[in-house]
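Asker: Here's my sequence, what's the structure:
(one chain, ligands or ions: 3)
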Amino acid sequence: MVHIKNKAEIEKMRAAGKLAAELLQFIEPFVKPGVSTLELNDLCHEYTIKRGAVSAPLNYKGFPKSICTSVNDVVCHGIPKASDFLKDGDIINIDVTPILNGYHGDTSKTFLVGKVKPEIKKLVVDTEKAMWIGIEQVKPGNRVNDISNAIDEFLTANGYGIVRDLMGHGIGKKFHEDPQIPHFKQTRLLTKLEEGMTFTIEPMVNLGAYNVVVSKSDKWTVRTKDGKWSAQFEHTVLVTNKGYEILTLPS
Ligand code: MF3
Ligand code: CO
Ligand code: CO
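Answerer: Ligands and ions are numbered 1, 2, ... in the order given. Alright, predicted model coming up:
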C-alpha cells in the first residue's frame with residue numbers, strides 16, 4: 001500500500017531531505033586519498049547528531065554503521081572500516097539517510113577520488129544522468145514503469161548492466177515502503193504516480209553485467225559478480241501537482 005503524505009508530513013520530509021543533502025555536501029571535502037571509510041562514517045555520524053537527527057542505517061536490520069560506503073566494485077551497502085583507505089583512482093558511493101523528527105531523507109552520490117580513468121568517469125557521469133532521466137518522468141498520471149523504462153532505455157543503449165536486485169523505494173516514517181522503483185525495463189504497468197507520494201530513484205549501474213553477489217562474511221556488502229566497477233546516485237523526490245520536487249537538495 002502506497003502512503004500519500006499530507007502537508008505536515010511533506011514539511012517534515014523536506015526538512016529531513018535538506019539535512020541529508022547537506023550531510024553529503026559536508027562530507028565531500030573529506031573524500032580524498034588516504035581517508036578511511038570509517039573516518040567518513042564517524043564524521044557523518046557526528047554531523048547528523050549535532051543537527052538533532054539520527055542515522056537510519058545504524059542498526060537497521062543489523063547494519064553496523066551510520067552510512068554506506070561502496071568503493072569500486074561494491075554496488076551498495078558497503079560497511080565503513082578502519083582499515084579501508086581510499087586511494088587515487090577509486091570511486092566511492094556515499095549513501096546517507098538521516099531521520100529528522102521521525103522522517104527519512106535518503107540520498108547518495110558517487111565521488112571520484114583523485115585521478116580516475118576516463119571509462120570510469122563516464123560510468124559515473126552516465127549514472128547521474130540516468131537518475132535525472134528517471135526523475136524527469138515523475139508527474140501525476142505517469143506510472144512507476146515510465147521511470148524504469150526511461151532509465152533502462154538510456155543505460156542499455158550505452159551498454160551498461162543495470163542492477164535488478166535492489167531498487168528505489170517509497171520513503172517517509174519508514175526507511176523503505178511501497179512502491180518499489182525498478183531501474184530496468186518493465187513489461188507490466190506499475191503503480192500510477194499521485195501527488196503526495198515520496199520515493200527514491202537510485203540507479204545502480206555496472207560497467208559489466210547486471211549480476212551482483214552479497215558478501216557471505218558480512219551479509220551486507222553487495223558486489224558485482226564479474227568484479228567490474230559500479231556507480232550509483234540517489235535522490236528522494238515528492239510527486240507534486242505538476243511534476244516533482246527533489247527533497248534531497250541542500251539550501
Ligand atoms: N540508503 C540505502 C537505500 O538507498 C539503504 C541502506 S540500508 C543499510 O535504500 F542498512 F545498509 F543501511
Ligand atoms: Co534508498
Ligand atoms: Co540510500
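
Asker: can you map out the helices along the stretch 101-250 of the chain?
Answerer: Shown for the stretch 101-250 of the chain, the helices assigned by DSSP state H, counting those that start in this stretch span residues 118-135, 144-157.

Asker: Among the ones you listed, which comes closest to ligand 2?
Answerer: Closest to ligand 2 of these, according to C-beta to the ion: helix 118-135, at 11.7 Å. From N, CA and C alone the C-beta is placed, and that goes for glycine too.

Asker: still on that earlier bit, for the helices of the stretch 101-250 of the chain, which one sits closest to residue 213?
Answerer: helix 118-135 (19.3 Å; C-beta to C-beta).

Asker: between that closest one and helix 144-157, how many degrees?
Answerer: Put simply, helix 118-135 runs at 160 degrees to helix 144-157, going by axes from the mean of the first three to the mean of the last three C-alpha atoms, to 10 degrees.

Asker: and of the helices of the stretch 101-250 of the chain, who's closest to residue 193?
Answerer: Here helix 144-157 is closest among the helices of the stretch 101-250 of the chain (C-beta to C-beta), at 7.0 Å.

Asker: which other helices and strands contact the closest one?
Answerer: helix 118-135, strand 161-162, strand 177-181 (3 or more C-beta pairs under 8 Å, 6 or more residues apart in numbering; DSSP states H and E).

Asker: So which other helices or strands are in contact with the last one?
Answerer: With contacts defined as 3+ C-beta pairs under 8 Å, 6+ apart, the secondary structure elements packing on strand 177-181 are helix 144-157, strand 168-170, strand 198-201.

Asker: Export the ones you listed as JSON lines, with columns for mean neighbour count and mean pLDDT.
Answerer: Formatted as JSON lines, the helices and strands packed on strand 177-181 follow (neighbours: other C-beta atoms under 10 Å; pLDDT from 0 to 100):
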{"stretch": "helix 144-157", "mean neighbour count": "20", "mean pLDDT": "98"}
{"stretch": "strand 168-170", "mean neighbour count": "23", "mean pLDDT": "98"}
{"stretch": "strand 198-201", "mean neighbour count": "27", "mean pLDDT": "99"}
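
Asker: Take those and write them to JSON lines, including distance to ligand 1.
Answerer: Shown next, in JSON lines, are the helices and strands packed on strand 177-181 (distance: least, C-beta to the nearest ligand atom, whole Å):
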{"stretch": "helix 144-157", "distance to ligand 1": "15"}
{"stretch": "strand 168-170", "distance to ligand 1": "6"}
{"stretch": "strand 198-201", "distance to ligand 1": "6"}
